[in-house]
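Participant: prediction below, plus the sequence it came from.
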Amino acid sequence: MLNRSIILSKSNILWIILFIILLLSNIFFFVKYLNNQKQLSQFQTFLTTQEKNEKVLSFLQIFIEKVLKAETEVDFETRLRLETDVRGLDDPEALEQWNKFIESQNESQAQEEVKNLLEILVNKIQRQDKK
């Protein structure tokens with residue numbers, strides 16, 4: 001009878017050890033999972049920022065090439081593309097400044113508004129890079 005209880009208790013100890021190992025491994029993998037979720041969230045935020053920055057830079061590139069460097073009046077197709085791109089930025093401040101620029105009454109006012117627009121867009125990129 002004594003032998004049987006010793007065997008039974010050794011068996012119980014083995015099961016307890018196995019249970020503890022499994023429990024610890026579950027805790028370990030749960031912590032790894034939480035860490036990966038946090039990294040994924042950070043990466044998604046970074047990716048969203050990069051996409052916004054790419055849109056702003058694309059708009060700026062087209063604007064500089066087609067408007068600032070233009071030697072003739074900007075055609076309707078280019079204006080439409082720029083309007084679409086600035087709306088695609090999904091930024092009310094940039095859109096409002098764009099509207100001020102296109103509604104300018106004279107060249108002096110247009111130059112001032114374009115400076116403001118470029119400043120807003122560059123600041124958006126700088127602020128997003130600091131996040």
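Facilitator: Now that the structure is in, tell me what you want to look at.

Participant: what's the lengthiest helix in the chain packed up against?
Facilitator: Using DSSP state H to define each element, the chain has its longest helix at helix 2-63. Under the contact definition 3 or more CB pairs under 8 Å, 6 or more residues apart in numbering; DSSP states H and E, helix 2-63 sits against helix 76-88, helix 107-130. C-beta: built from backbone N, CA, C; applies to glycine.

Participant: check which residues of the last one are buried.
Facilitator: Of the residues in helix 107-130, those scored as buried under the neighbour-count criterion (16 or more other CB atoms under 10 Å) are 110, 113-114, 117-118, 120-121, 124-125, 128.

Participant: so in the protein, where's the weakest helix or strand by average pLDDT?
Facilitator: helix 107-130 (a mean of 87; mean pLDDT, DSSP states H and E).

Participant: just how off-centre is that helix within its chain?
Facilitator: Mean C-alpha position of helix 107-130 versus that of the full chain (CA atoms, centre = their mean, to the nearest Å) differs by 20 Å.
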